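**Q** here's a sequence, model it:
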Amino acid sequence: MIFFGSLLRSPHPYSEYSSFRALLHVAIKRLCQRYKLALSLAVCLCLAAPVHASHPDVLLEAKIPKVSVATDNKAANNKLNDDSAAIDTPYNEDTLTIENVKNINGLAPTSLWQPELSEPSLYALLDAEFAADRDDKRRAVSIYKQQSFKEDATAVFERALSLSLRNERVEDSLQFAKTWQDQNPDHVPAWFYVAHLALRAHDYILAGETLNRILRYDPRADLSEILIGIYPNNDDDKRELLAALQPLDSEQNASLSVLKAGLLYQFNEPEVAIVHINRALERQPDYVPFITLKADILRKIVTAETVINYVSQARLRNPDSKSLYLYEIRYLLDLKQSEQAWKLLLEAHSRFSDDSEITLLAALVSLDIEEYASADELLNMLAKSPAYLDQAYYYLGISAERQQLFDQAKYYLNGVMQEDLVLEARRKVVAFELLDNDVDGAIATLEKLRKDFTVFAPDTFVMQADILWQQNESDEALRLLTRAARKYPDNEMLLFARAQLLDDKADYVVKRTLLNHLQALDPSNLSYQLSYAHLLLANERSSEQGLALATAIIQIRYDDPRYDNDLHLQALNVLAGNALAKENYQQVIDYLQTPYDVLPTLRSGTLLLRAYQGLGNNDKVEALLADLQQRFSFGQHNINDRIQLY
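**A** The predicted structure follows:
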């Protein structure tokens, strides 16, 4: 719960609560240890500063039934009178026993709410705290809500609201706070509670009315805590919130001005947004979040140079602001001005020498611009921090790799043990070992990774199978994946890798069963769909389902979240391979010529080559063959062998 402490009056005891003090004196000594905190809180709430509230909420009355005592029920009347006398009579050591206190917990809460009492009942609050301690949250909230409508119950109301927020919907908490505030119209903190809750509940009309009331009371009121955590996620709510805020006079209120500015910026109204953010900056000219929001707005209406000058001037006024350094650096990187960003990073590193985040970012930019000496120096400094050791080793490995110092790269990458980096680090080590034709070393690396990090066991099995496949040991690779799939029967990656190794014709039934199972597990997975399309077309060139699946993938637009460039090209290759099998050579060219020009791959090139051969276009054949030989370092014999695969 957000409490606006500066606006709450400090609680202080009143003389009429002397009986409560006497009760507290006895209770502290005699209550069981587990209830000490509950008792202290209940008594503090009873002694809190008064704000008069005389009428209970009708809605709360409906939720919390009161005991109606019939006039002919003499025993019940006597019970109420006895309880009332007990509360009004000072207690001494002999008056309250531990057993009596324990019995309080057995009373129905309604029997503690005395109509004769105008202030909150200590017994009722104790009962509520005991209920909360026993996780009976509904009872605790109900008692606190009812007691909050007594006189002098400000602190009780706040405790009730806190419990409500933890255990009820925000709409219920808002309803309670609004009803209490209506009964206590002069209690200013309640306005803040209602405004905050209304914003959280997306009741923007009520929020606007309440904020307007606060601003009329104090145009410069600090609204920052009201606005915490209330920013809407969808455009409709943002528009409603903006519409509610627009009529409010925010000229003297920085918090409200910046909220309006942020919303207007998101709705692409930077010219109006800049007016509001400037108002906020007039009140707090060096507040970094306001400065960076203005920079964001300026990026839509002025040149990049003007934005950089603005941020630089603000950074010079606030030389100890790490955030402003990072904002300017990241903006320079967005502008592809890596050299300038690097120089500013080195300046920031010099100023914030103990800041690992700055050091790491400076090292990464150094790597990006191929300043390897600077990168290695910064990363070795970073390696002295245990929290950053693995990241330092990982990027030292990357630096060594780019400098073609492969043994050094392997040393650093083998030292990475951080779980989110270790798989990629060992993947690179395996690649280096394969470059040296050290197949046994590559497999040993995978086996060690599998032993040290069982979570990555399926990944290592797939990588090991790929190595075996590259060594023309397809049968052994398939056996490895079959054994792994028995150990991890629900792992889709293993099942899919196994399916990929199965022959489209000889293992048609098994492969089709596996791919159907995978599609049932993940119907939206395009890789499964494409593999299934390839299987169908390999066995039946005119398969309508196969053509439909592959065609649907190439029709996914590049701005669609499902779009994947590699998958798109694979689908084109599947369709082109099918067209080639049907001797529809021009269709192969239509599918692949443009993709090959943009992003040439060996498979696309070989399919195109076969299509031009089929058309008898010798000039194209010779040109494309030369291009393939140059790009992929394949000789004539290798190219011809590769062509036969398609």
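
**Q** from here on, just use CA atoms for contacts and neighbour counts.
**A** Fine.

**Q** helix, strand or coil for the residue nearest to the spatial centre of the chain?
**A** Nearest residue to the geometric centre of the chain (C-alpha atoms, centre = their mean): Asn233, 12.8 Å. Assigned by DSSP: H, G, I helix; E, B strand; the rest coil, the conformation of Asn233 is coil.

**Q** ok, now how distant is it from Tyr204?
**A** Going from Asn233 to Tyr204 by C-alpha to C-alpha, to the nearest Å gives 14 Å.

**Q** same check on Glu433?
**A** Using C-alpha to C-alpha, we find Glu433 at a distance of 62 Å from Tyr204.

**Q** which one's more surrounded, these two?
**A** Tyr204 (22 against 19; other C-alpha atoms under 10 Å).

**Q** residue ranges with poor pLDDT in the stretch 401-550 of the chain?
**A** Of all residues in the stretch 401-550 of the chain, none has pLDDT under 70.

**Q** contacts only, for Glu622.
**A** By C-alpha atoms under 8 Å, 6 or more residues apart in numbering, no residues touch Glu622.

**Q** and it, what element?
**A** helix 618-632 (DSSP states H and E).

**Q** I'd like the average pLDDT over that helix.
**A** Confidence over helix 618-632, taken as the mean pLDDT, stands at 88.

**Q** that helix: how far from the chain's middle?
**A** 49 Å (C-alpha atoms, centre = their mean, to the nearest Å).

**Q** any buried residues in it, and which?
**A** 620-621, 624-625, 628 (16 or more other C-alpha atoms under 10 Å).

**Q** distance to Leu382 added to those, as a markdown table?
**A** Shown next, in a markdown table, are the buried residues of helix 618-632 (distance: C-alpha to C-alpha, whole Å):
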| residue | distance to Leu382 |
| --- | --- |
| Lys620 | 54 |
| Val621 | 54 |
| Leu624 | 49 |
| Leu625 | 49 |
| Leu628 | 44 |
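
**Q** and which of these is nearest Gln613?
**A** Closest approach to Gln613 among those (C-alpha to C-alpha): Val621, at 6.3 Å.

**Q** what about that closest one, distance to Glu377?
**A** Going from Val621 to Glu377 by C-alpha to C-alpha gives 51 Å.

**Q** and the pLDDT for the nearest residue to Leu256 once chain neighbours are set aside?
**A** Spatial nearest neighbour of Leu256, chain neighbours left out: Ser250 (5.7 Å); criterion: C-alpha to C-alpha, 6 or more residues apart in numbering. We have a pLDDT of 77 for Ser250.

**Q** over to Ala400. Which of the three states is it?
**A** Going by three-state DSSP: Ala400 is helix.

**Q** cool, and Gln252?
**A** Applying three-state DSSP: Gln252 is coil.

**Q** so Ile226, which of the three states?
**A** Here Ile226 takes the coil state, with states given by three-state DSSP.

**Q** pop out the phi and psi values for it.
**A** Main-chain torsions, Ile226, degrees, to the nearest 10: phi -60, psi -40.

**Q** in the protein, which segments are predicted with low confidence?
**A** Low-confidence segments of the chain, defined by pLDDT under 70, span residues 1-117, 633-646.

**Q** break it down into its domains, please.
**A** 1-168, 502-563, 577-646 (automatic domain parsing).

**Q** for Arg279, give me its contacts.
**A** Counting by C-alpha under 8 Å, 6+ apart, Arg279 makes contact with 251-252, 254, 257.

**Q** okay, it and Leu316: tell me how far apart.
**A** Relative to Leu316, Arg279 is positioned 21 Å away (C-alpha to C-alpha).

**Q** which residues does stretch 244-251 contact?
**A** With C-alpha under 8 Å, 6+ apart as the test, stretch 244-251 has contacts from 204-205, 207-208, 211-212, 215, 219, 256-257, 260, 276, 279.

**Q** by neighbour count, which of these wins?
**A** For the contacts of stretch 244-251, neighbours tallied by other C-alpha under 10 Å; top is Leu256, 28 neighbours.

**Q** name the element that one belongs to?
**A** Using DSSP H and E, Leu256 falls within helix 254-266.

**Q** can you name the next helix or strand after that helix?
**A** From helix 254-266, the next helix or strand downstream (DSSP H and E) is helix 270-283.

**Q** now that following helix: how far from the chain's centre is it?
**A** A distance of 29 Å separates the centroid of the chain from that of helix 270-283, by C-alpha atoms, centre = their mean.

**Q** that helix: which residues count as buried?
**A** Quick answer for helix 270-283 (16+ other C-alpha under 10 Å): 270, 273-281.

**Q** who's in contact with the helix or strand where Leu478 lies?
**A** Using DSSP H and E, Leu478 maps to helix 474-487. Identification of contacts with helix 474-487 by C-alpha under 8 Å, 6+ apart yields 458, 461-462, 464-466, 468-469, 491, 494-495, 497-498, 501-502.

**Q** find the pair from the contacts of stretch 244-251 with maximum spatial separation.
**A** Within the contacts of stretch 244-251, two members stand farthest from each other by C-alpha to C-alpha: Ile205 and Arg279, at 24.2 Å.

**Q** leaving out the residues flanking it, which one is nearest to Ala497?
**A** Nearest residue to Ala497, sequence neighbours excluded (C-alpha to C-alpha, 6+ apart): Val462, at 6.5 Å.

**Q** and the one you found, what does it touch?
**A** Contacts for Val462 (C-alpha under 8 Å, 6+ apart) come out as 481, 493-494, 497.

**Q** who wins on neighbours among those?
**A** Leu481 (24 neighbours).

**Q** what separation do you get for that one and Pro247?
**A** 66 Å.

**Q** what of Ile214?
**A** Between Ile214 and Pro247 the computed distance is 14 Å (C-alpha to C-alpha).

**Q** the two - which one has more neighbours?
**A** Neighbour tally, Ile214 and Pro247, criterion other C-alpha under 10 Å: the higher count belongs to Ile214, 20 against 11.

**Q** ok, now which ones touch that one?
**A** Contacts for Ile214 (C-alpha under 8 Å, 6+ apart) come out as 191-192, 221.

**Q** closest to Glu544 among these?
**A** For the contacts of Ile214, the residue nearest Glu544 by C-alpha to C-alpha is Phe192; the value is 63.9 Å.

**Q** report how many residues lie close to the residue nearest to the closest one when sequence neighbours are not counted.
**A** What sits nearest to Phe192 in space, not counting adjacent residues and going by C-alpha to C-alpha, 6+ apart, is Ile226, at 6.5 Å. Ile226 sits with 22 neighbouring residues when counted by other C-alpha under 10 Å.
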